[in-house]
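# no sequence on hand, only this structure:
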């Protein structure tokens, strides 16, 4: 594998650092979803008996958040509210979403948030004050690990990450208002654990170095305090994507989960961002599989039956955009 020269390494490292968000932003996100979690578990909560657990997912969880292109854009904090003691056959997706709406609305009022609660296809959105420059999308969910494990094993897929799988809501699904075992699936915890395995050596080395410099214990260093070459490479690719498709009017901008998954597959443990970026750009295409009809398949590592590129067959302009 070729290596970048010294000046390129300095340039790319500086670029990566420029894209980094402050630790304050990570702490702000952590404070927000922890605050909501405490509210949902308070004695008066209508959800407390169902064991609500709120945790982060998406780019904040992966450590690949980048600064917005301009001050008009907001940070998108993606979170999950998993009700541990409920099952799919006990209620409808619509009922679950409504249960969460009631408590999030009371939380919004308790925090004197002026902007109304917004319903998305799969989530509820809390819009914070203008100065905060972020909003939080909260997906209601139920445990789904055993069900997903059985499905994956029956189809001879890797089920090692299935234990943390969740069932989520989708108001565009045909059975949204029906009690059924057939719910949309997700596994943000499993994906995060897989992602960490792709950079675990460098991540641990950097956490140890930081702990030593602070005379602290490694266990007390949160992951967001350090950034690996894999994370920085993904941040650079995402910014390149954002700028290249800033005027995209046909919705063909490559999605972050495809960039993140292929980059993580192609990363080979380089300790320098420029070398990592070279490795990723040289190798990510090899991890796009093809079926007998030449349709692209980019499997979700935590649920291999999900194809992140499933829309490419229906919208070939998105596949062309990715390769461009």
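The structure has been received and is ready for your questions. Note that the structure is predicted; figures quoted are calculated from it, not measured. Numbering: from 1, shown residues only.
# just give the nearest non-adjacent residue to the residue most central in space within the chain, would you?
Residue closest to the mean C-alpha point of the chain, counted by Cα atoms, centre = their mean, is residue 58 at 1.6 Å. In space, and not counting its chain neighbours, residue 58 is closest to residue 78: 3.4 Å by Cβ to Cβ, 6 or more residues apart in numbering. Glycine gets a C-beta too; all of them are placed from N, C-alpha and C.
# ok, now residue 266?
Spatial nearest neighbour of residue 266, excluding adjacent residues (Cβ to Cβ, 6+ apart): residue 283 at 3.6 Å.
# how about the contacts made by the one you found?
265-266, 268 (Cβ atoms under 8 Å, 6 or more residues apart in numbering).
# rerun at 10 Å
1, 262-263, 265-268 (Cβ atoms under 10 Å, 6 or more residues apart in numbering).
# save those as a markdown table, and put in pLDDT too.
As requested, the contacts of residue 283 are exported to a markdown table (pLDDT from 0 to 100):
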| residue | pLDDT |
| --- | --- |
| 1 | 61 |
| 262 | 98 |
| 263 | 98 |
| 265 | 98 |
| 266 | 97 |
| 267 | 97 |
| 268 | 96 |
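# circling back to that earlier point, from residue 102, how far out is the residue nearest to the centre of the chain?
Separation of residue 58 from residue 102 (Cβ to Cβ, to the nearest Å) stands at 25 Å.
# what's the following helix or strand after the host helix or strand of residue 195?
Taking DSSP states H and E as the criterion, residue 195 maps to helix 188-197. Sequence-wise, the next helix or strand downstream of helix 188-197 (DSSP H and E) is helix 200-214.
# just for the stretch 101-250 of the chain, where's the confidence low?
For the stretch 101-250 of the chain, the stretches flagged by pLDDT under 70 are 130-132.
# strands of that one, start to end?
118-119, 124-127, 134-143, 166-168, 185-186 (DSSP state E, counting those that start in this stretch).
# which residues does residue 29 contact?
By Cβ under 10 Å, 6+ apart, the contact list for residue 29 reads 21, 56, 60-61, 65, 75-79, 134, 136, 224.
# Three-state assignment for it, please.
Under DSSP: H, G, I helix; E, B strand; the rest coil, residue 29 falls in the helix class.
# picking up where we left off before, for residue 263, see how far away the residue nearest to residue 266 is.
Taking Cβ to Cβ, one finds residue 283 at 9 Å from residue 263.
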